[in-house]
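Student: whatever this is, show me its structure:
(chains A and B)
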Amino acid sequence: MSAPSDNMPIPAPAVRSKPLVIRHLPYFIGAAILVALAANMRFDGYVHNILLQATTFSIAVFGLSVVLGLCGQINLAQAAFFGLGAYAVGIGTTDLHVSFWLCLVGGCLISLLAGAFLGMSTLRLGGHYLAMVTISFQQIVTLVMINAIWLTHGPDGVSNIKRPDLFQTSQSYLAFCVAMLAIVGYLVWHLSDTKLGRAMRAVRDNELAAGVNGIDVFRTKIYAFALCALLGGLAGGLFAGGFAYVSPDQFSFAESIVFLTMSLLGGVASPIGSAIGTGLLILIPEWLRFLKSVPGLYLAIYGLFVILIIRFMPDGIWGFVADAFTRWRAKLAAPPVAGALQLKPAMTGGDTVLEVTGLSKYFGGLKAVDGVDIAVKRGGVHALIGPNGSGKTTTLNVLSGLYQATSGRIVLDGTDITDMPPHQRTASGLGRTFQNIRLFRSMTALENVEIGAERPGNTMVGKGDDALTERAMEALTFVGLGSRANELISSFSYGHQRLIEIARALASNPTLLLLDEPAAGLNSTEKLELHELLKRIAAQGLTILIIDHDMTLVSEAAQHITVLNFGRRIADGESMAVLRHPDVVSAYLGSE
Amino acid sequence: MDLALQLLFTGIGIGAVYALVALGFVLIFRATNVVNFAQGEFSMVAAYLMVVAVEAGLPYWAAFIVALLGMALLGVVFNLGVYYPLRHRTYLPVIIATIGASILLANSVLAIYGPQPQVLEGWFETPGIQVGPVYLDSQYLLIICVTICLVIFNFWFFEKTLLGKKLQATSQDKEMASLLGISVSTMIMITFIYSAVLGGLAGILVAPVLFVSIQMGSTIALKAFAATIIGGFGDVAGAIIGGLALGVIETFGAAYISVPYKDGFAFLVLVAFLIFRPQGIFGERVAEKA
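Tutor: Numbering: from 1, shown residues only, chains lettered A, B, ... in the order given. Here you go, the predicted model:
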């Protein structure tokens, strides 16, 4: 744990960062130059086609960088979504004589809806379900494209697809696609720094921790998946307009694998990586054209590539470069100085912050928690103790919503939270830490705490990203780690990681803080510092419910103790009295 | 009615193949917590090995043994090349690697043999027997018999032998198993070999019924995976019941609704289960503990 001098409130010179538009100006200038080049340079037909393919494919691969890179969910049907967009433009502009723009929007909508539907049916379940369901979906789409001849012209495909009047020449159409690529690329790049993007990264790193920090995990995943599908549809629509011909084999499962390989090779987490991967995998097969003379050979090499990249370069080419850059920058950039952390727990209910009545949790026939009552008074520290297997952690998991209660009622500050999912309980003012630390491993300490600060209903954070950063810095400074805010989680010791988890919960300004064995794994100095920290938290009027084995910590920090044994409450009351209670003594030391 | 009985027989026959492949899925999933997306390719590769061995002039039974030995070897190579280096990573990289392996296997075979589907003769000379209104195809009968025998063997192996118990211990708690002196990496190796052989067996059995083609692997794998979800993920009995149910549903769907969309029915049943009963018929094990 770090020096306490870090905690001294320092008057914060509020550094206002420049508006986003100005900071990102170089990007837009670069994009404008690229569009101008695409509009004016003379290419021969072959180069033009490669550029057009690279541009449209990149947009589809951006979709994967959202769903796989940011959110950690797999999509093996990107070619199907790409195909939906392409066929919408193809059939719409030829057979149905609808304007290109309407078809493009329609294709995006169809992809979006298909993606949202697939996501809603599958994303509550484990990742392997999603993989299989997307493969199945891909097969279905291919089957329909081949067999529904009345609609799709079957294996012959759709030809003579129209372009918009505005971009009739192939040159201007390419410039238009490059402009779309630049816009989408900007949005995807910027997404990871928005609230939604942070939520996606949190879900990718640790779903449980994301849930108890106020993030609706299921909805976040659906957004990511639907967004990916939408980008696939958009890319497909642009592709169809550019090449004027589509057929089922362009949107097969093999093509989905090509998209996946592009994304993995370049670096799944960033649009720049996606673009690099796409460009490489379009150019390499062109150079190695002779491979295509043997059917299957070049896809076999793709398969081998996938295995090798996953094993030796998990973050792709760009990830490799960017990682070095981030570490270098974290050393240079001094984190902003922060003011003192203010905790203002909500006070809507009465004297009792948490009222638990008749709480039970059964696993089959096992009564892990059996009719437990707990009343946590406002302010101060309440401890929940008991021997191993007494049901403490189960109780905490039921309280924070990771388990559904079998029966009983949980009222937090006047609100009944018994049936709420974890993120809604957090929104109602519950904060918690985990016994086995659950931080978002790929993020910096500051970003972790920002996610806590971002909980819905946090009244202590103003509008905008600057206010969020300020709040997170205050919380980190409060636990003594302000000066290391920009370092990645992996560079902190175990004890410090525990402090970051507490800071993450504090930043959300909870009404009640649940600490799950905070002293576990700490050495004696760290335990003393933890005790000091608990005192400083309690001094601000925040109520703490703590579970721990460390009797010294519990007896010194807690004013009130509830004791569980075999899932039942065996004692409850003022600390010293409870610890002398004969039932408690016999539960811990055994009886005659 | 006669047609329905006939379809039921065919459905159970094809469902038995799905059940065998599904069993391979479940065994690997239980041992490693990963879904092996190349499970279907095991069937495809085995069918091709069989075709090659028969064409090379080996008698049918010898070709069969050669093909299964080849599958055992593939199981070893697969474990060492794909799963083992990634065993400490999260499930996503492993899934992606097995997908890569599936693409590699399917297309390597394509590059070697070309896209022309191959034909494998059935095991028996007699094509089948007529029992009342139902014609019992000998190959389907064989598939059903082998599946029943394997289910019994599985039960005996996992419940009654020491090796089976060690495998179970490994799949339930790797750390504890290794503390008790069980070599976890050996157990996982055995699981991969066994799954590859099971998948191969399914491929060889079904090959005379279908054509031997590059696509047969992914088609069978999708159905088998759907079967495991319908039965309840990670459950051995569930995989078998799910496989049989899917085979029957699909056969009836093709006969009464639409032939070109035959492969789509598995997906529809899968989505219906995911929405209304995601834990499957027998229920999946509980979620991650906090």
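Student: burial count for A:Leu96?
Tutor: 11 (other CB atoms under 10 Å in any protein chain shown). Yep, even glycine has a C-beta here, placed from its N, CA and C like the rest.
Student: in a strand, A:Val411, correct?
Tutor: Yes - using DSSP: H, G, I helix; E, B strand; the rest coil, the secondary structure at A:Val411 is a strand.
Student: wait, what's in contact with the closest residue to it other than its chain neighbours?
Tutor: Nearest residue to A:Val411, sequence neighbours excluded (CB to CB, 6 or more residues apart in numbering or on different chains): A:Glu355, at 4.3 Å. Counting by CB atoms under 8 Å, 6 or more residues apart in numbering or on different chains, A:Glu355 touches A:374-376, A:409-411.
Student: columns distance to B:Ser195 on top of these, output as a markdown table?
Tutor: Formatted as a markdown table, the contacts of A:Glu355 follow (distance: CB to CB, whole Å):
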| residue | distance to B:Ser195 |
| --- | --- |
| A:Ile374 | 48 |
| A:Ala375 | 54 |
| A:Val376 | 51 |
| A:Arg409 | 48 |
| A:Ile410 | 45 |
| A:Val411 | 51 |
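Student: just flag the most distant two among those residues.
Tutor: Spatially, the most separated pair among those is A:Val376 and A:Arg409, at 14.2 Å (CB to CB).
Student: give me the element the residue nearest to A:Val411 is part of.
Tutor: According to DSSP states H and E, A:Glu355 maps onto strand A:352-363.
Student: chain center to that strand: distance?
Tutor: 30 Å (CA atoms, centre = their mean, to the nearest Å).
Student: adjacent strands (with direction) for that strand?
Tutor: strand A:366-377 (antiparallel), strand A:407-412 (antiparallel) (DSSP bridges).
Student: residue contacts, A:Val67?
Tutor: Neighbouring residues of A:Val67 by CB under 8 Å, 6+ apart: A:73-75, A:224-225, A:227-228.
Student: can I get the strand holding A:Glu355 in PDB, CA atoms only?
Tutor: Extracted in PDB, the C-alpha atoms of strand A:352-363 (Å, rounded to 0.1, in the frame of the first residue of the first chain):
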ATOM      1  CA  THR A 352     -32.000   1.100   8.500                       C
ATOM      2  CA  VAL A 353     -30.000   1.100   5.200                       C
ATOM      3  CA  LEU A 354     -30.400  -2.600   4.500                       C
ATOM      4  CA  GLU A 355     -33.300  -4.700   5.800                       C
ATOM      5  CA  VAL A 356     -33.000  -8.400   5.000                       C
ATOM      6  CA  THR A 357     -35.900 -10.500   6.200                       C
ATOM      7  CA  GLY A 358     -36.300 -14.300   6.000                       C
ATOM      8  CA  LEU A 359     -33.600 -14.600   3.300                       C
ATOM      9  CA  SER A 360     -33.100 -18.200   2.000                       C
ATOM     10  CA  LYS A 361     -31.000 -19.700  -0.800                       C
ATOM     11  CA  TYR A 362     -31.200 -23.400  -1.500                       C
ATOM     12  CA  PHE A 363     -29.100 -25.300  -4.000                       C
END
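Student: in that strand, what counts as buried?
Tutor: A:352-356, A:359-361 (16 or more other CB atoms under 10 Å in any protein chain shown).
Student: try stretch B:128-144
Tutor: Buried residues in stretch B:128-144 (16+ other CB under 10 Å): B:134-140, B:142-144.
Student: just stretch A:287-306 next, same as before
Tutor: A:291, A:296-306.
Student: what parts of the stretch 201-350 of chain A come near chain B?
Tutor: Neighbours of chain B within the stretch 201-350 of chain A, by CB under 8 Å from any CB of the partner chain: A:208, A:253-254, A:257, A:260, A:264, A:294-297, A:299-300, A:302-307, A:310-311, A:314.
Student: show me what contacts A:Pro510?
Tutor: A:345, A:426, A:429-431, A:542.
Student: apart from its chain neighbours, what residue comes closest to A:Phe43?
Tutor: Closest to A:Phe43 by CB to CB, 6+ apart is A:Leu51, at 6.7 Å.
Student: now that neighbour: how far from A:Ile59?
Tutor: Note on A:Leu51: its distance to A:Ile59, by CB to CB, to the nearest Å, is 13 Å.
Student: and these two? which has more neighbours close in?
Tutor: Neighbours per residue (other CB under 10 Å) separate A:Leu51 from A:Ile59, with A:Ile59 holding more: 30 against 19.
Student: mind checking the SS state of that one?
Tutor: Assignment for A:Ile59 (three-state DSSP): helix.
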